[in-house]
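1. what follows is a predicted structure for the sequence shown.
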Amino acid sequence: MSILGKDSKVRVDRVVTHGTFNLDGGSWEVDNNVWVVGNDTECVVIDPAHDGRPIIKAVGKRTVVAILCTHAHDDHISALGEVSDATRGTSWLHPEDRVLWDRVYPVTPDRELADGDTISVAGVTLQVLHTPGHSPGACCFYSPELGVVFTGDTLFQGGPGATGRSFSDFDTIIASISDKLFHLPAGTVVHTGHGDSTSIGVEAPHLPEWVARGH
């Protein structure tokens, strides 16, 4: 699937891959959204999951400016090595998620993400929003020019990401969503790590329900 941004020179491609998520001794089959953002010359890859082959195909001959990790659960980074080797793209991760990264890879990520950082690609900017809760180093990537935010597993259609496993916390994810995401314009499209996209305006009114349900 390819979606043109407000800047029609830039497109957002979604690649869906299938595999397993493994944590705390459990294993679950999941479909993941992998996002490729850019133009015909360069792009970034967000959350290379499970199988590198369709992701590499989506990239094509473009230069990969960065491989961005919303977080380091294994289902979101398991194809990163394959994609990085094929494209020479550098891996970017928030350091607080090294506790999860180190369970998958014996090497250090190439770059560290920090709240407020910006990554430029194809003439647009992705702003890094540190949104802990689903994991300690979870980040979202917001492009004001495109009117989209890539939320990984922090915000989904219908509620926040899961917080019932190790290294997660419900109150923290609610604070991240409230303080960082729900201050974005209501029309901002939310591209998630799993499932369908939504918007800030659709999700924000339901925050009180999520809080009540979570306690």
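-> Received the coordinates, thanks. Every value quoted in this text rests on a predicted model; they were computed, and no experiment measured them.
2. Three-state assignment for the nearest residue to Asp47 once chain neighbours are set aside, please.
-> Using Cβ to Cβ, 6 or more residues apart in numbering and skipping the chain neighbours, the partner closest in space to Asp47 is His76 (4.5 Å). (Glycine included, C-beta is placed from N, CA and C.) Following DSSP: H, G, I helix; E, B strand; the rest coil, the label given to His76 is helix.
3. ok, how many other residues are close to His76?
-> Counted with other Cβ atoms under 10 Å, residues neighbouring His76 total 29.
4. show the pLDDT at it.
-> Note on His76: pLDDT of 98.
5. likewise for Met1?
-> Reading off the model, Met1 has pLDDT 49.
6. now do Lys9
-> Turning to Lys9, the model gives it a pLDDT of 88.
7. what about it, neighbour count?
-> As a burial measure, Lys9 scores 13 neighbours (other Cβ under 10 Å).
8. now Glu82
-> Neighbours around Glu82, by other Cβ under 10 Å: 16.
9. for it, give me its contacts.
-> Going by Cβ atoms under 8 Å, 6 or more residues apart in numbering, Glu82 touches 48, 52-53, 56.
10. just to revisit the earlier point, the residue nearest to Asp47 contacts Ala49, correct?
-> Yes - with contact defined as Cβ atoms under 8 Å, His76 and Ala49 form a contacting pair (5.5 Å).
11. just the residues contacting whatever helix or strand Phe150 lives in, thanks.
-> In the assignment (DSSP states H and E), Phe150 maps to strand 148-152. Under the contact criterion Cβ under 8 Å, 6+ apart, strand 148-152 has outside partners 5, 12, 35, 37, 46-47, 68, 70-71, 76, 126, 129, 131, 134, 138-143, 161, 181, 184, 188-193, 200.
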